[in-house]
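**Student:** Have a look; sequence and predicted model below, questions after that.
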Amino acid sequence: METVDFRHTGNDFLSRLPAGAFLTANDGGRTNVMTIGWGGLGYIWRQPVVIALIRPTRHTWHLIEKSGEFAVSIPEAGQMKDALAVCGSRSGRETDKIALCSLDLIEPRIIATKLIAGCELYYECKLLARHDLDPAKLDPAIDQQWYPAKDYHTVYYGQIMAAYRG
């Protein structure tokens, strides 16, 4: 795997994210995976960061809160669609999605959370900050479209500790 400057991965990150990426978190004994389709990549507080939005109702939310880290694995364009669909529609509380989808894990370089093998881009992230979306400060059209159940996301800012291509 080739270490890369995360700034040279921005176009791939942003173009592939809407189709889905794998976000993994660790509970100390088992890696959980979920699909994300919203987020960002950039500099905040002079740090390279991945921004990920996760609802507090998700199992992964609890794992990140406990571990203080997460990893993102981005498949090549058009690849791993079935696994992305399963990992975006089942809960890790009841299902071992990694086994269900026959996904292989790869060891991280810096953090403790493993990543999904067979992807094109990888980011290992240490949590820098988090905040809950404030519905009073949200555009009403976005609130109506994306939050009919009022289950607002927590926004996580993960410092990129390692970035590489598969």
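**Tutor:** Received the coordinates, thanks.

**Student:** give me every residue that touches Leu105.
**Tutor:** By CB atoms under 8 Å, 6 or more residues apart in numbering, the residues touching Leu105 are 31, 98, 114-117. Glycine gets a C-beta too; all of them are placed from N, C-alpha and C.

**Student:** ugh, wrong one, Gly88
**Tutor:** By CB under 8 Å, 6+ apart, the contact list for Gly88 reads 20, 34-35, 37.

**Student:** ok, back up a step: hmm, which of the contacts of Leu105 are the buried ones?
**Tutor:** 31, 98, 114-116 (16 or more other CB atoms under 10 Å).

**Student:** where does the chain dip in pLDDT?
**Tutor:** Across the chain, nothing is flagged by pLDDT under 70.

**Student:** what's the longest helix in it?
**Tutor:** What stands out as the longest helix in the chain, according to DSSP state H, is helix 59-67.

**Student:** Tell me what the residue found closest to His153 once you drop the neighbours it is linked to in the chain is bridged to.
**Tutor:** Spatial nearest neighbour of His153, chain neighbours left out: Leu53 (4.0 Å); criterion: CB to CB, 6 or more residues apart in numbering. Counting by DSSP bridges, Leu53 is bridged to Val155.

**Student:** what's near enough to touch Leu53?
**Tutor:** Counting by CB under 8 Å, 6+ apart, Leu53 makes contact with 36, 38-39, 133, 153-156.

**Student:** Give me the buried entries from those residues.
**Tutor:** Buried among the contacts of Leu53 (16+ other CB under 10 Å): 36, 39, 133, 153-156.
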